[in-house]
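> no FASTA, just this:
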């Protein structure tokens, strides 16, 4: 009888094994993001590449849910929308956050490569400045080769021809255009086409990617001398960012600041080549000033930018200038 009972007990043990208490597995944390431009644009396509790489890297741990661009939240309102917690994150132009952090746009005013900038302690300093204003600065996507150009309805010949021209700008570019004698008009990017078409502006400032296709027939010339550098800030709301485990936050920050920049910059090479080639193919004239005027142009745009920053924030501006400018 005892043998029968023992055999039965063992059979039951095999059929119904004893389970230990369930282990606690961390769930993937998802944060919602809006971007300065939609996915279908040239810049949006590069954002998509970055987000896909990040999501693949942290699959099962952390994910960015890209909800869209200015069709979801207007460009200039995105940083504050993140600050108040209506959206978790934004991938945006630094100058769009100027209303919150008045030196944010200074990030564009550089003639250095990303690794040169990083070595100065710039990333930690920007983290501190953003935190004081209620934003988490995770890092940025730099494009050192993506310079800004002035695109025009009609060609100009000399710097004096800027005088009186109405030029669409984003906030960071306004001081430079004003110093050149133009009238800067701040407009979001989706408004440029209509403003050009209706004659509200005579030109606009942006990077070269996608311009030939998007503004075909509206631009007849562009100033070949580029200036500043393009970079895009990844910002988060402090409360929602705090929901991400500390170890994961550290890994995401390391990825954005130290792993991704080289890949992201390289993803722009073909786009930039195509952008300039398309302008040439469409007969858009590249305006080239004399050597003396080109040098004067460079001095004007950089001096105007940093004078404006240091006027608003003398201490912070001076420190950032040393970090960003050779």
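Here it is on my side, so go on. Just so it is clear, the structure is predicted and the values come from calculations on it, not from any experiment.

> tell me how far the ends of stretch 249-268 are from each other?
27 Å (Cα to Cα, to the nearest Å).

> Flag every buried residue along it.
249, 251-253, 255-257, 260-261, 264-265, 267-268 (16 or more other Cβ atoms under 10 Å). (Each C-beta comes from the backbone N, C-alpha and C, glycine too.)

> Now for those: which two are most distant?
Pairwise distances across the buried residues of stretch 249-268 peak at 27.2 Å for 249 and 268 (criterion: Cβ to Cβ).

> Identify the residues contacting residue 98.
Counting by Cβ atoms under 8 Å, 6 or more residues apart in numbering, residue 98 makes contact with 104, 105, 171, 172.

> sorry, back to before: Throw the buried residues of stretch 249-268 into TSV and include distance to residue 144, secondary structure and pLDDT, thanks.
Converted to TSV, the buried residues of stretch 249-268 look like this (distance: Cβ to Cβ, whole Å; DSSP: H, G, I helix; E, B strand; the rest coil; pLDDT from 0 to 100):
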residue	distance to residue 144	secondary structure	pLDDT
249	27	helix	98
251	25	helix	98
252	23	helix	98
253	21	helix	98
255	19	helix	98
256	16	helix	98
257	15	helix	98
260	14	helix	98
261	9	helix	98
264	11	helix	97
265	6	helix	96
267	13	coil	95
268	9	coil	95
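
> now the residues you listed as TSV including distance to residue 217?
What follows is the buried residues of stretch 249-268, written out as TSV (distance: Cβ to Cβ, whole Å):
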residue	distance to residue 217
249	47
251	47
252	43
253	44
255	41
256	38
257	41
260	36
261	36
264	31
265	31
267	29
268	26
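
> if we take the residues you listed, which one ends up nearest to residue 226?
Relative to residue 226, the closest of the buried residues of stretch 249-268 is residue 268; by Cβ to Cβ it sits at 13.5 Å.

> how close does that closest one sit to residue 244?
Distance of residue 268 to residue 244, computed by Cβ to Cβ, to the nearest Å: 28 Å.

> ok, now residue 38?
Remark: distance between residue 38 and residue 244 (Cβ to Cβ) = 26 Å.

> Between the two, tell me which one has more neighbours.
Comparing residue 38 with residue 244 by other Cβ atoms under 10 Å, the one with more neighbours is residue 244, at 20 against 16.

> tell me which element that one is part of?
Of the helices and strands defined by DSSP states H and E, none includes residue 244.

> Spit out the contact partners of it.
Contacts for residue 244 were tallied using Cβ under 8 Å, 6+ apart; they are 29, 31, 62, 252.

> Give me the ChimeraX select line for those, limited to the buried ones.
Selection of the buried residues among these in ChimeraX, burial being defined by 16+ other Cβ under 10 Å:
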select :29,31,62,252
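
> Which members of the contacts of residue 244 occur in strands, if any?
Mapping those onto strands (DSSP state E) picks out 29, 31, 62.

> Low-confidence ranges, the protein, go.
Scanning the chain for pLDDT under 70 picks out 1-26.

> mind listing the strands for it?
Per DSSP E, the chain carries strands over the ranges 29-35, 62-68, 89-92, 136-143, 149-152, 166-169, 183-186, 203-206, 221-223, 230-236, 285-287.

> can I get those strands in CSV with distance to residue 315?
What follows is the strands of the chain, written out as CSV (distance: least, Cβ to Cβ, whole Å):
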stretch, distance to residue 315
strand 29-35, 32
strand 62-68, 34
strand 89-92, 25
strand 136-143, 18
strand 149-152, 32
strand 166-169, 26
strand 183-186, 26
strand 203-206, 28
strand 221-223, 33
strand 230-236, 21
strand 285-287, 38
